[in-house]
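Q: Pasting a predicted model and its sequence here:
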Amino acid sequence: MDLASPATMELADHPLRGRLDAWLLRALDGYAHRKYRDVKREWFGGLTHTILEIGSGAGANFRYLDPGTHVIAVEPNLHLHPHLRAAAARSRVTVDVRAGVAERLPLPDGSVETVISSLVLCTVSDPARALAEIHRVLRPGGRLWCIEHVAAAEGTLLARVQRLARRPWRWLFGGCETQRHTAELLRGAGFASVEVRPFTLRTALVPIRSQILAVAVR
(Lines give C-alpha, C1' and ligand atoms only; values in the text may rest on other atoms or scores of the structure.)
Protein backbone atom coordinates (compact mmCIF):
# COMPACT_ATOMS: atom_id res chain seq x y z
CA MET A 1 0.00 0.00 0.00
CA ASP A 2 3.01 2.27 0.13
CA LEU A 3 3.95 2.39 -3.54
CA ALA A 4 1.60 3.25 -6.38
CA SER A 5 1.57 1.81 -9.89
CA PRO A 6 2.13 4.15 -12.86
CA ALA A 7 -1.62 4.81 -12.94
CA THR A 8 -1.69 5.73 -9.29
CA MET A 9 1.45 7.80 -9.73
CA GLU A 10 -0.75 10.00 -11.92
CA LEU A 11 -3.26 10.08 -9.07
CA ALA A 12 -0.49 11.15 -6.71
CA ASP A 13 -0.15 14.31 -8.80
CA HIS A 14 -3.91 14.91 -8.55
CA PRO A 15 -4.57 17.83 -6.17
CA LEU A 16 -7.08 15.80 -4.12
CA ARG A 17 -6.23 12.11 -4.51
CA GLY A 18 -2.51 12.42 -3.79
CA ARG A 19 -3.28 14.31 -0.59
CA LEU A 20 -5.95 11.76 0.37
CA ASP A 21 -3.51 8.87 -0.06
CA ALA A 22 -0.88 10.72 1.96
CA TRP A 23 -3.37 11.47 4.75
CA LEU A 24 -4.54 7.84 4.88
CA LEU A 25 -1.02 6.48 5.25
CA ARG A 26 -0.24 8.89 8.06
CA ALA A 27 -3.58 8.23 9.78
CA LEU A 28 -2.90 4.47 9.82
CA ASP A 29 0.70 4.80 10.97
CA GLY A 30 0.12 4.29 14.69
CA TYR A 31 -2.16 1.29 14.14
CA ALA A 32 0.25 -0.30 11.68
CA HIS A 33 3.14 0.20 14.11
CA ARG A 34 1.26 -1.62 16.87
CA LYS A 35 0.50 -4.54 14.57
CA TYR A 36 3.85 -4.85 12.78
CA ARG A 37 6.51 -3.60 15.21
CA ASP A 38 7.78 -7.00 16.38
CA VAL A 39 7.84 -8.44 12.86
CA LYS A 40 9.52 -5.39 11.35
CA ARG A 41 12.10 -5.08 14.10
CA GLU A 42 13.13 -8.66 13.36
CA TRP A 43 13.04 -8.36 9.56
CA PHE A 44 14.42 -4.86 8.99
CA GLY A 45 16.76 -4.47 11.97
CA GLY A 46 20.48 -5.07 11.55
CA LEU A 47 20.57 -4.68 7.76
CA THR A 48 23.30 -2.98 5.77
CA HIS A 49 23.64 0.74 6.36
CA THR A 50 22.68 1.76 2.83
CA ILE A 51 19.22 0.60 1.80
CA LEU A 52 16.90 1.11 -1.14
CA GLU A 53 13.25 1.17 -0.08
CA ILE A 54 10.58 0.99 -2.75
CA GLY A 55 7.31 2.68 -1.85
CA SER A 56 8.54 4.41 1.28
CA GLY A 57 5.19 6.12 1.89
CA ALA A 58 5.49 8.42 4.91
CA GLY A 59 8.62 6.70 6.24
CA ALA A 60 6.86 4.18 8.47
CA ASN A 61 9.77 1.71 8.26
CA PHE A 62 12.53 4.15 9.18
CA ARG A 63 11.94 3.59 12.91
CA TYR A 64 12.98 -0.08 12.52
CA LEU A 65 16.32 0.63 10.83
CA ASP A 66 19.59 1.08 12.67
CA PRO A 67 20.42 4.74 13.46
CA GLY A 68 22.81 6.12 10.86
CA THR A 69 21.32 4.06 8.02
CA HIS A 70 21.14 5.84 4.65
CA VAL A 71 17.88 5.19 2.80
CA ILE A 72 17.29 5.75 -0.91
CA ALA A 73 13.52 6.20 -0.77
CA VAL A 74 11.63 5.72 -4.03
CA GLU A 75 8.12 7.14 -3.59
CA PRO A 76 5.82 8.36 -6.39
CA ASN A 77 3.47 10.47 -4.26
CA LEU A 78 5.09 13.89 -4.05
CA HIS A 79 2.78 14.85 -1.19
CA LEU A 80 4.59 12.29 0.98
CA HIS A 81 8.11 13.55 0.35
CA PRO A 82 8.14 16.13 3.18
CA HIS A 83 6.88 13.45 5.59
CA LEU A 84 9.69 11.14 4.52
CA ARG A 85 12.30 13.74 5.40
CA ALA A 86 10.64 14.42 8.76
CA ALA A 87 10.44 10.70 9.56
CA ALA A 88 14.12 10.28 8.70
CA ALA A 89 15.06 13.04 11.14
CA ARG A 90 12.96 11.48 13.91
CA SER A 91 14.50 8.05 13.35
CA ARG A 92 18.09 9.31 13.00
CA VAL A 93 18.55 7.99 9.47
CA THR A 94 19.49 9.94 6.35
CA VAL A 95 17.31 9.86 3.27
CA ASP A 96 17.63 10.50 -0.45
CA VAL A 97 14.03 10.91 -1.66
CA ARG A 98 13.37 10.10 -5.32
CA ALA A 99 10.11 10.19 -7.25
CA GLY A 100 9.61 6.97 -9.17
CA VAL A 101 7.90 3.60 -9.36
CA ALA A 102 9.12 0.06 -8.78
CA GLU A 103 8.76 -0.82 -12.47
CA ARG A 104 11.30 1.87 -13.41
CA LEU A 105 13.76 2.30 -10.57
CA PRO A 106 15.96 5.40 -10.94
CA LEU A 107 19.22 3.57 -10.10
CA PRO A 108 21.98 1.94 -12.15
CA ASP A 109 22.58 -1.79 -12.45
CA GLY A 110 24.14 -3.54 -9.45
CA SER A 111 24.21 -0.39 -7.35
CA VAL A 112 22.68 -1.51 -4.02
CA GLU A 113 23.19 -4.37 -1.59
CA THR A 114 19.84 -4.28 0.19
CA VAL A 115 16.27 -3.54 -0.92
CA ILE A 116 13.29 -3.49 1.42
CA SER A 117 9.57 -3.27 0.76
CA SER A 118 6.51 -3.43 2.95
CA LEU A 119 2.99 -3.81 1.51
CA VAL A 120 4.24 -2.56 -1.84
CA LEU A 121 4.28 -5.45 -4.33
CA CYS A 122 0.51 -5.65 -3.89
CA THR A 123 0.10 -2.22 -5.50
CA VAL A 124 2.34 -2.24 -8.57
CA SER A 125 0.62 -2.76 -11.90
CA ASP A 126 3.35 -5.11 -13.18
CA PRO A 127 4.90 -7.01 -10.24
CA ALA A 128 7.07 -9.19 -12.48
CA ARG A 129 8.65 -6.08 -13.99
CA ALA A 130 9.08 -4.54 -10.54
CA LEU A 131 10.92 -7.64 -9.32
CA ALA A 132 13.06 -7.63 -12.47
CA GLU A 133 14.02 -4.03 -11.66
CA ILE A 134 14.91 -4.97 -8.07
CA HIS A 135 16.98 -7.87 -9.41
CA ARG A 136 18.71 -5.46 -11.81
CA VAL A 137 19.75 -2.88 -9.20
CA LEU A 138 20.93 -5.44 -6.63
CA ARG A 139 24.57 -6.47 -6.55
CA PRO A 140 25.38 -10.20 -6.79
CA GLY A 141 24.61 -11.63 -3.36
CA GLY A 142 22.40 -8.64 -2.50
CA ARG A 143 19.06 -9.23 -0.84
CA LEU A 144 15.45 -8.12 -1.09
CA TRP A 145 13.67 -8.19 2.29
CA CYS A 146 9.90 -7.80 2.09
CA ILE A 147 6.68 -8.07 4.05
CA GLU A 148 3.61 -8.47 1.90
CA HIS A 149 -0.02 -9.45 2.19
CA VAL A 150 -1.01 -12.20 -0.23
CA ALA A 151 -3.93 -14.20 -1.57
CA ALA A 152 -5.51 -16.53 0.98
CA ALA A 153 -5.91 -20.22 0.18
CA GLU A 154 -8.73 -20.89 -2.26
CA GLY A 155 -11.98 -22.05 -0.72
CA THR A 156 -11.42 -20.26 2.58
CA LEU A 157 -13.65 -17.58 4.07
CA LEU A 158 -10.74 -15.12 3.89
CA ALA A 159 -10.36 -15.73 0.14
CA ARG A 160 -14.05 -14.91 -0.28
CA VAL A 161 -13.67 -11.71 1.73
CA GLN A 162 -10.67 -10.74 -0.41
CA ARG A 163 -12.70 -11.19 -3.60
CA LEU A 164 -15.62 -9.15 -2.28
CA ALA A 165 -13.34 -6.36 -1.07
CA ARG A 166 -11.16 -6.24 -4.18
CA ARG A 167 -12.62 -3.23 -6.01
CA PRO A 168 -13.23 -0.83 -3.09
CA TRP A 169 -9.91 -1.83 -1.52
CA ARG A 170 -8.07 -1.16 -4.77
CA TRP A 171 -9.61 2.32 -5.02
CA LEU A 172 -9.01 3.22 -1.40
CA PHE A 173 -5.40 2.01 -1.17
CA GLY A 174 -3.81 3.23 -4.38
CA GLY A 175 -4.25 0.16 -6.60
CA CYS A 176 -3.64 -2.43 -3.86
CA GLU A 177 -4.67 -5.95 -4.93
CA THR A 178 -6.12 -8.20 -2.23
CA GLN A 179 -5.33 -11.50 -3.99
CA ARG A 180 -1.81 -11.32 -5.37
CA HIS A 181 0.34 -14.48 -5.34
CA THR A 182 3.55 -12.72 -4.38
CA ALA A 183 5.46 -15.79 -3.16
CA GLU A 184 5.10 -17.41 -6.59
CA LEU A 185 6.16 -14.19 -8.28
CA LEU A 186 9.28 -14.01 -6.12
CA ARG A 187 10.18 -17.62 -6.91
CA GLY A 188 9.84 -16.93 -10.62
CA ALA A 189 11.89 -13.71 -10.67
CA GLY A 190 15.33 -15.25 -11.24
CA PHE A 191 16.78 -14.90 -7.75
CA ALA A 192 19.42 -17.39 -6.61
CA SER A 193 17.29 -18.29 -3.59
CA VAL A 194 13.98 -17.26 -2.06
CA GLU A 195 12.87 -17.94 1.51
CA VAL A 196 9.19 -17.40 2.34
CA ARG A 197 7.64 -17.47 5.80
CA PRO A 198 3.80 -17.25 5.87
CA PHE A 199 2.05 -15.69 8.85
CA THR A 200 -1.34 -14.35 9.85
CA LEU A 201 -1.63 -10.73 10.90
CA ARG A 202 -4.27 -10.20 13.58
CA THR A 203 -5.83 -7.03 12.27
CA ALA A 204 -9.22 -5.41 11.79
CA LEU A 205 -8.20 -4.92 8.14
CA VAL A 206 -9.43 -8.42 7.31
CA PRO A 207 -8.46 -8.61 3.59
CA ILE A 208 -4.74 -8.36 4.45
CA ARG A 209 -4.57 -10.94 7.23
CA SER A 210 -2.75 -13.49 5.02
CA GLN A 211 0.87 -12.31 4.86
CA ILE A 212 4.43 -13.44 4.15
CA LEU A 213 7.93 -12.51 5.18
CA ALA A 214 10.34 -13.13 2.31
CA VAL A 215 14.01 -12.71 1.55
CA ALA A 216 15.32 -13.15 -1.99
CA VAL A 217 19.04 -13.37 -2.76
CA ARG A 218 20.40 -12.02 -6.07
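A: Done, it's in.
Q: Tell me the confidence at the closest residue to Ser91 other than its chain neighbours?
A: With CB to CB, 6 or more residues apart in numbering as the criterion, Ser91 has its nearest non-adjacent residue at 3.9 Å, and that residue is Phe62. No exception for glycine: its C-beta is placed from N, CA and C like everyone else's. With respect to pLDDT, Phe62 scores 98.
Q: if I read this right, Phe62 contacts Val93, doesn't it?
A: Yes - counting by CB atoms under 8 Å, Phe62 touches Val93, with 5.3 Å between them.
Q: What's the first helix or strand after the longest strand anywhere in the chain?
A: Longest strand in the chain, counting residues (DSSP state E): strand 138-149. Toward the C-terminus, strand 138-149 is succeeded by helix 157-172 as the next helix or strand (DSSP states H and E).
Q: what helices or strands is the helix or strand following that following helix leaning on?
A: Tracing the chain C-terminally past helix 157-172 and defining elements by DSSP H and E, one meets helix 182-187 next. Helix 182-187 sits against helix 127-137, strand 138-149, strand 193-200, strand 210-217, with contacts defined as 3 or more CB pairs under 8 Å, 6 or more residues apart in numbering; DSSP states H and E.
Q: Torsion angles phi and psi at Leu105?
A: The phi/psi pair for Leu105 (degrees, to the nearest 10) reads phi -70, psi 130.
Q: quick one: contacts for it?
A: Neighbouring residues of Leu105 by CB atoms under 8 Å, 6 or more residues apart in numbering: 52, 54, 74, 133-134, 136-137.
Q: In PyMOL, how would I select the buried members of the residues you listed?
A: Buried residues among the contacts of Leu105 (16 or more other CB atoms under 10 Å), as a PyMOL selection:
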select buried, resi 52+54+74+133+134+137
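Q: what sits against the closest residue to Asp109 other than its chain neighbours?
A: With sequence-adjacent residues excluded and distances taken as CB to CB, 6+ apart, Asp109 is closest to Arg136, at 5.5 Å. When contacts are counted by CB under 8 Å, 6+ apart, Arg136 touches 105, 109-110.
Q: Format the residues you listed as CSV; extra columns: distance to Gln211 and pLDDT.
A: Listed next are those as CSV, based on distance: CB to CB, whole Å; pLDDT from 0 to 100:
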residue, distance to Gln211, pLDDT
Leu105, 24, 97
Asp109, 31, 98
Gly110, 30, 98
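Q: Relative to Arg170, which of those is nearest.
A: Ranked by distance to Arg170 (CB to CB), the contacts of Arg136 are led by Leu105 at 23.2 Å.
Q: Now do the helix or strand harbouring Gly18: distance to the chain's middle.
A: Assigned by DSSP H and E, Gly18 belongs to helix 17-27. Taking the mean of its C-alpha atoms, helix 17-27 sits 16 Å from the chain's own mean (CA atoms, centre = their mean, to the nearest Å).
Q: any weak-confidence spans in the protein?
A: Scanning the chain for pLDDT under 70 picks out 1-15.
Q: redo that, cut-off 90
A: 1-26, 171-175 (pLDDT under 90).
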